[in-house]
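# below is the sequence, then the predicted model.
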Amino acid sequence: MRRSQKESLSIKLRRATVWDIPRIVGIERKVFPKPWGWDAFLSELLKPYSRVLVAHVEGKLVGYCVLWLFPPEAYIANIAVEPSYQGMGVGTALMEKVEEICRDEGISSITLEVRASNRVAQSLYRKFGFEVVGVRRAMYHDGEDGLVMEKLI
Ligand SMILES: CC(C)(COP(=O)(O)OP(=O)(O)OC[C@H]1O[C@@H](n2cnc3c(N)ncnc32)[C@H](O)[C@@H]1OP(=O)(O)O)[C@@H](O)C(=O)NCCC(=O)NCCS
């Protein structure tokens, strides 16, 4: 699919179940050098403060997001989209849902960390009003800095 098809894409969002984990881990391995494993996602499904959301396009799981809720604060622990579906609005749909949940849960601040080189993700977060509020030096295993981004709502 091409980016031009973005407008007509029907993206469905719901909470993840254990049956989604193999597909989530498959995407995770494609997009991150240090991917979370099956056990990490299973443990997210069991944590009372964690919401794991999945996005489907044409019946296929193509994206997910892990959101931690500690009212009045929230933290985006993970978000990713299947490479062949990136740039088509799936990340935006997930972030819109995150915002909706945060509003419903009385959240006033959402934070996250992103690699300093990850311009696409930073662009997504800026689009939603996130700003860089700090730098964690060499926080990634390969020595790259992490930017701390925050949105006040
Ligand atoms: C970051 C990620 C989740 C974004 O998801 P996505 O579905 O591709 O995002 P969208 O199509 O909704 O685009 C959202 C915004 O990102 C930016 N963006 C998307 N693709 C881009 C590209 N190729 N170049 C530059 N900016 C881009 C744009 O600002 C876009 O908004 P716009 O379309 O209104 O201009 C996805 O690229 C991804 O999974 N990346 C790998 C994993 C990752 O880095 N996760 C984040 C870790 S902090």
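Sure, I can see it. Residues are numbered from 1 along each chain as shown.
# list the contacts of the longest strand that the chain contains.
Of all segments of type strand in the chain, defined using DSSP state E, the longest is strand 60-70. Contacts to strand 60-70, defined as C-beta atoms under 8 Å, 6 or more residues apart in numbering, come from residues 16, 20, 23-24, 27, 41, 44, 47, 49-56, 74-82, 85, 90-91, 93-95, 97-98, 101-102, 105, 107. C-beta here means a position set from N, CA and C on the backbone, and glycine is covered the same way.
# same check, this time on stretch 27-46
Contact partners of stretch 27-46, identified using C-beta under 8 Å, 6+ apart, comprise 16-18, 21-22, 24-25, 50, 52, 61-64, 66, 77-78, 80-83, 140-142.
# at 10 Å instead, please
Counting contacts by C-beta atoms under 10 Å, 6 or more residues apart in numbering, the residues outside stretch 27-46 that touch it are 15-18, 20-22, 24-26, 50-52, 54, 61-64, 66-68, 77-86, 115, 140-142.
# buried ones only from those, please, as a ChimeraX command.
In ChimeraX syntax, the buried subset of the contacts of stretch 27-46 is picked out as below (16 or more other C-beta atoms under 10 Å):
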select :16,20,21,24,25,50,51,52,54,61,62,63,64,66,67,68,77,78,79,80,81,82,85,86,115
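# burial count for residue 38?
When counting by other C-beta atoms under 10 Å, one arrives at 13 neighbours for residue 38.
# distance from the longest strand of the chain to the middle of the chain?
In terms of C-alpha atoms, centre = their mean, to the nearest Å, the centre of strand 60-70 is found 5 Å from the chain centre.
# packing partners of the next helix-or-strand element following that strand?
Stepping forward along the backbone from strand 60-70, the first helix or strand reached (DSSP states H and E) is strand 73-81. Using 3 or more C-beta pairs under 10 Å, 6 or more residues apart in numbering; DSSP states H and E as the contact definition, the elements that strand 73-81 packs against are helix 21-31, helix 38-46, strand 50-57, strand 60-70, helix 90-104, strand 109-115, helix 119-127, strand 146-152.
# mind checking how far residue 129 is from the ligand?
From residue 129 over to the ligand the distance is 13 Å, taken as C-beta to the nearest ligand atom, to the nearest Å.
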